[in-house]
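Student: Fold the following and give me the result.
(chains A and B)
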Amino acid sequence: MDHVISNANTVYGLDHVTNIMKFHSTYLETFLSLQEFIIYGEGPLPIQYRHYIAIMAAGRHKCTYIINFHKKQFLEHNGDPSWLIGLTHVPRKLRNLYEINKILAHRPWLVTKEDIKKVVKGPNSWSMSDLGHAIILLVHFHSLCSFVYACNLNDEIPRAVKVTGVYFRRRSKPCLRGYADESVISDDEGLEPIVERMKKLSEPATEQERIQRYELVQSQLCDSDTSADNGLDPDVKPFIEDSGYSYLDCSRRQFAQQSSFILQEFSWDHHGYSLINRLFNDIGLLLDKKFKTAYNMTYYTMGGRPHIDTSRFRRAIWNYIYCIYGMRNDDYDYEDVTQLLQSQLRVFVKTATCYPERLNKTTTENALKHFDLSEKIHINLMIMEARMQAELLFALRAVMNYML
Amino acid sequence: MTAVVPASEDTTSASTVVTAASNGKGHILHDGPAYSLALNKEHTHVVVAGRNVFKVFLIEQGGFKECVNLRCGKTSSVQSSSSMDVAWNPADDNVLATATTGGAVVTWNLNRTSRNKQDHIFYDHRRTVNKVTFHCVEPNLLMSGSQDGTIKCFDLRLKEAPKTYSSDSESIRDVQFSPHNSYVFAAASENGSIQIWDTRKAEKCLNKFSAHNGPVFSCDWHSELQFLATASRDKSIKVWNVTNKPIAEYTISTIAPVGRVKWRPYRRYHLASSALVLDSAINVWDVRRPYIPYASFAKHTDVATCIAWKGDPFVLLSTNRDSTLHQNFISEADLPLESANQQGMAINRDGDLVFCCPVNLNKVEIQKSKESSRKTSTTTSGEEELNTSSEMNVFRDPKIVMCLSDETECIQTCAIQYKLIGRSIGELCDHNAGVASSVGRTTVFLFWNVLRILYDHRVSLIALKEDIMSSSNIESSFDGDNPIGSLSDEDGLRGDKPYQLGDFYFGNAEIDPLDAEHDQFDFIGLQMDSKTVEEDNDWEVPVESITLRHEIIHEPIVNDPYIPNSAPSANKLNNRITSAPLLRITSPAKFDMWNPSEIVAKALRHHVDEGDVQTAVCALIVLSDEIRSELTHPRHPWRLLHAEIESWWLNYLELLKKFKLWSCATTVIQLSRIRSILQLHRTSTSVNLTCGWCYKGLTRNSRRCYNCQHSECAKCALCQRIVRGMYAWCRGCAHGGHIAHMKQWFMENKYCPTGCGHMCEY
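Tutor: Numbers count the residues shown, from 1 in each chain, chains lettered A, B, ... in the order given. Next comes the predicted model:
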């Protein structure tokens, strides 16, 4: 795999992203193998389409870093330069995909089999395997945007991070004195209380209580809104339509179609995996490996303290992201989320997932203050993976409903 | 004791009887889909449990009648929790158990008089409980498997802390007690492994083996034999013999990940399976015939979440994800075997044909075939004796009579019989193809044929031209004045380049619509219908067929040297026709001939890679120089390198020399047209001389032996002087001399001038 990593800079050009990910080399391998496969590997879509889809997907979050890179690649692979003028110049077939792109990026719970049907039937239709490939590209780049913004890579000037290509640990930064915080749980406690709470076993709750806790977490989502920035970079503008379409908070969502998604009915392991393999051979394995690596990876440390079982914390973040999209995990006690994730962290996770373009350096710093650098990156990776899995599940559920 | 709850205890929901036979939709559960179902011991009642539904039904002939709704009352109690699985106690008909997503295992007693039938709740699992099952015989043992990777065994009488068996895996998907041994149970886990445990030993399992490549979703013990069937996400069902070391006895491949599998009662080899996603059919398989299901319930609209046999082999109950409950009757199932195609045929690249068909075992005939193999499998079932037997025959092309299995003989025969010069390329290729097929080398045969088609221009074009001639005759006979003119055109054209055919050339020698059967009218029709009328073919449409308002003249697209020739003739023709105008298109389309050199180079390399240098070398000899220069032209990246060709030649020569085919080798060298090969002929062309007296070798230039100072060998027999220059000598007596002297002598004499009495021939 070494050659893949060393090639990554030149071939995939995502220098900064791969540099950051080098902190977690097992994960980096899975990430690069997937990236290589979906962009350069064998697949139903022609390569110009793949790069253009990447541009469309990154456009939803106005991520200039990814857009510029893929523009270059698109032209290098003999893409038609008139497509880069704007969305109006692309073939009808590609335009039809934009609707799904929009919905998946911001409100994936709204994807229905009707949307799939529109794309798959009629003139300029996509075949099912084309669509499978396209969906994977879309969700991959949506979540990559989240990661890019969360790690502050969008300005293309890397942060002052010296990476030697080896797992590199830093001392945790001292927290700022006199930091005024109005949040409910005091930040200055650092990670101690979290560690303590993780060690305690919670009593089992009844189902009803679990549902209540879930709804509590959901309602708390609404409080954590940040301001929107509507300016559009000229680089990005041609690839965006309907830029005002964005994530709906749950309070407003209740008026929208409330389709509750319960994980047991359609989970990655059982249904998603086989379905995506059916559409696009062998991709399920790569995706599965990547998800599992991100989820299970642990160095048993947290904030510089060794020998900690961080599984509850990781699980909390993962399920919180599911909760943001309205997916309920029956198996999980959402009390953990309330206890283990501080509100600042929750705000950060929500912003990174739903509107990563609104993130700026200070919020990131504050939310992840007490974690080591590599742990911060790990959290960002989990955000990326969980988001990708959630979007993918919604899309695949719609595909399954369409196919049956 | 029989504990069927009387129908008077019906709760709020109405009991509806829906005949399953007439209404294919089955019984609709209004509260939501059920994830699991279980039958009581007598198979009279069925309980279904799901997210929002938990009911007991009476199974009737045509449908279901609801007896008890266990999910009622206050929503805050555990009653309302969603169940993943439900089990009915085989010993006591009143006791049920459910597994909830919250980690609780709940037991129910139908005998309780209150509305809430819940008996006891065990909170011991931390995560979702995937499966509960009662012991087959003992009434009080309940086993549960959970997402946290543990299996717990509860004793209902004692209500104490359960025994825990922890597996190493992520989660347990299925737990089943063995019907043969009351202490043994099997657990299927998410990492694809099956564990066999003994209830008395909680620390370590008895046996653990990796069954599948993905999570195992279900397992089921066979009622008679020690078989365990497992179903997994990797689209396979495997039947394991778990006596000592588990071996997979049978494997069935399905089209979708399998969610549930259940053996069929009273049928030793049958089991039912349902898929987890994408496939809504429930299949009944005979494990000995894993390729096609024995019976299939294909009319379901949604995926089945759980299946169970109703105690007899003819009825299968299933719950679907679209909230329905069905009784599936085998009598109404599709039997794929009936409609499957029982014959198969295939052909391979060598032209062999293989054909298989079912055969009645009673009469067996051996066909006239080279080989035949018969595969017999006999399946019997309770219903009918299914004797299946099929026979497979392989047929080979009769032209390839002598299939020389000995490679060396092949090579020798080919080497001797190939013709390499003397005729046109096409004829040589044809002959060589015949030779190749006679020794059974079909690929070489095809190769020669392809070369013939590619490079033998003249043969195919001459044929085409003749066709055109005949058709143009027909055409012109239709027109009064024109025949002579058009014929003369053809004559004129023929004398020039043979590749251009003038007026009627379609541009691509391969397509011959004119070759088709034609009488006059058909031919005309062809012109009319074909799209090329508007394109660039030089045609003359006879007057009577169409009438045009004005003459259409198309500009020639390609600069064709023929146009000046045809144009005046066209004008001539036009002048003769005064009445109706003609449709005239004056430029024959010229398509670039496809250059097959790349393919030929590839083919040559391929043969060499396979070890067959002979074909490559002979092909290169047969092909003309200009083709060879095309193959080696530096502008092509795939070109054959000279060094490459040389090495092929040398290898072939070595091969021929091994077979002692000297004359073939010589021919090959001669025809090689490669300098370095030709030079091989120049080697070993010197003769060493030795002195007649002392037998020491003579040096190159001297005639005087260095050793013994004799110079007899160099003396002319007539003038007795040392010959410098050409020395002619008789091979019989080794005497000779100056060639001029010898010449003169033998004009008059017959015998050797030395007087040795030998009659030399000069």
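
Student: What is the burial count for the closest residue to B:Leu70 other than its chain neighbours?
Tutor: Closest residue to B:Leu70 in three dimensions, ignoring its sequence neighbours and counting by CB to CB, 6 or more residues apart in numbering or on different chains: B:Phe54, at 4.5 Å. No exception for glycine: its C-beta is placed from N, CA and C like everyone else's. Neighbour count of B:Phe54, defined by other CB atoms under 10 Å in any protein chain shown: 27.

Student: again with A:Lys93
Tutor: As a burial measure, the neighbour count of A:Lys93 was computed by other CB under 10 Å and equals 14.

Student: Hmm, the residue nearest to B:Leu70 is touching B:Ser83, no?
Tutor: Yes - judged on CB atoms under 8 Å, B:Phe54 makes contact with B:Ser83 at a distance of 6.3 Å.

Student: Overlap in contacts, these two.
Tutor: Counting by CB atoms under 8 Å, 6 or more residues apart in numbering or on different chains, the shared contacts of B:Phe54 and B:Ser83 are B:Thr98.

Student: average model confidence for stretch B:52-71?
Tutor: For stretch B:52-71, the per-residue pLDDT values average out at 84.

Student: now do stretch A:213-222
Tutor: For stretch A:213-222, the mean per-residue pLDDT is 73.

Student: Now do the same for B:Asn52: helix, strand or coil?
Tutor: Using DSSP: H, G, I helix; E, B strand; the rest coil, the secondary structure recorded for B:Asn52 is coil.

Student: mind listing what it touches?
Tutor: The contact partners of B:Asn52, by CB under 8 Å, 6+ apart, come to B:31-32, B:71, B:82.

Student: ok, now with 6 Å
Tutor: For B:Asn52, the residues meeting the contact criterion (CB atoms under 6 Å, 6 or more residues apart in numbering or on different chains) are B:31-32.

Student: if we can go back for a sec, roughly how far does the residue nearest to B:Leu70 sit from B:Asn40?
Tutor: As defined by CB to CB, to the nearest Å, B:Phe54 lies at a distance of 15 Å from B:Asn40.

Student: Kindly report the same for A:Ala352.
Tutor: If you measure A:Ala352 against B:Asn40 using CB to CB, the figure is 53 Å.

Student: One more: B:Cys205?
Tutor: 31 Å.

Student: which of the two has more neighbours?
Tutor: Higher neighbour count among B:Cys205 and B:Asn40: B:Asn40, with 24 against 21, using other CB under 10 Å.

Student: Would you agree A:Trp318 is in contact with A:Glu385?
Tutor: No - between A:Trp318 and A:Glu385 there is no contact, the gap being 8.2 Å when judged by CB atoms under 6 Å.

Student: Between the two, which is the more surrounded one?
Tutor: Neighbours of A:Trp318 and A:Glu385, each counted by other CB under 10 Å, are more numerous for A:Glu385; the result is 25 against 22.

Student: can you pull the contacts of that one?
Tutor: If you count contacts by CB under 6 Å, 6+ apart, then A:Glu385 has A:291, A:294 around it.

Student: and it, that one's in a strand?
Tutor: No - per three-state DSSP, A:Glu385 lies outside any strand segment and is helix.

Student: quick one: it from A:Leu144, how far?
Tutor: 11 Å.

Student: tally of neighbours for B:Pro99?
Tutor: Pro isn't right for residue B:99; it's Ala. When neighbours are defined as other CB under 10 Å, B:Ala99 has 29 of them.
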